[in-house]
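> any chance you can model this:
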Amino acid sequence: TSTDVLIKVTDRPGPLGLLRPILNSDMSSNLEYAGSIVARYSDAKKETTARVKYYSTDGNVITTLEVVPLSQEQLPATV
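Now for the predicted structure:
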């Protein structure tokens with residue numbers, strides 16, 4: 001949908017994440033958390049921080065954040 005956000009770690013190989021925003025949710029904390037999950041599955045997982053870009057579905061950059069990759073223990077059970 002037009003509100004979907006694509007998530008990609010920059011400078012390291014890794015997966016492309018998809019975030020579907022939930023109505024009335026805190027988008028900024030959702031972006032950071034989702035970026036941390038994507039970073040965990042990238043080659044940046046052992047780094048202290050990872051640079052993550054967030055794109056709209058038409059390819060425009062929404063923002064770039066530095067996130068801390070989640071540890072194995074922090075991963076939600078459904079990922």
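
> please, where are all the helices along the protein?
With DSSP state H, the ranges of helices along the chain come out as 27-40.

> so where's it shaky on pLDDT?
Within the chain, the segments meeting pLDDT under 70 span 23-24, 79.

> now the strands for it?
All strands of the chain, identified by DSSP state E, fall at 5-9, 16-19, 50-56, 61-67.

> in JSON lines, list the ones you listed along with distance to Tyr33 and mean neighbour count.
All C-beta spots, glycine's among them, are computed from the backbone N, C-alpha and C. As requested, these are exported to JSON lines (distance: least, Cβ to Cβ, whole Å; neighbours: other Cβ atoms under 10 Å):
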{"stretch": "strand 5-9", "distance to Tyr33": "10", "mean neighbour count": "21"}
{"stretch": "strand 16-19", "distance to Tyr33": "9", "mean neighbour count": "15"}
{"stretch": "strand 50-56", "distance to Tyr33": "11", "mean neighbour count": "19"}
{"stretch": "strand 61-67", "distance to Tyr33": "8", "mean neighbour count": "14"}
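
> got CSV for those strands, with distance to Ala77 too?
Converted to CSV, the strands of the chain look like this (distance: least, Cβ to Cβ, whole Å):
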stretch, distance to Ala77
strand 5-9, 20
strand 16-19, 17
strand 50-56, 22
strand 61-67, 20
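
> distance from stretch 22-32 to the middle of the chain?
Mean-position distance between stretch 22-32 and its chain equals 12 Å (Cα atoms, centre = their mean, to the nearest Å).

> got the end-to-end distance for that stretch?
Chord length of stretch 22-32, first to last residue, is 15 Å (Cα to Cα, to the nearest Å).

> same thing with stretch 46-54?
Using Cα to Cα, the end-to-end distance of stretch 46-54 comes to 21 Å.

> now swap in stretch 35-54 and tell me
End-to-end span of stretch 35-54 (Cα to Cα): 8 Å.

> just the residues contacting it, thanks.
5-17, 19, 31, 61-72, 74-76, 79 (Cβ atoms under 8 Å, 6 or more residues apart in numbering).

> 10 Å instead?
Identification of contacts with stretch 35-54 by Cβ atoms under 10 Å, 6 or more residues apart in numbering yields 5-19, 31-32, 34, 60-72, 74-76, 79.
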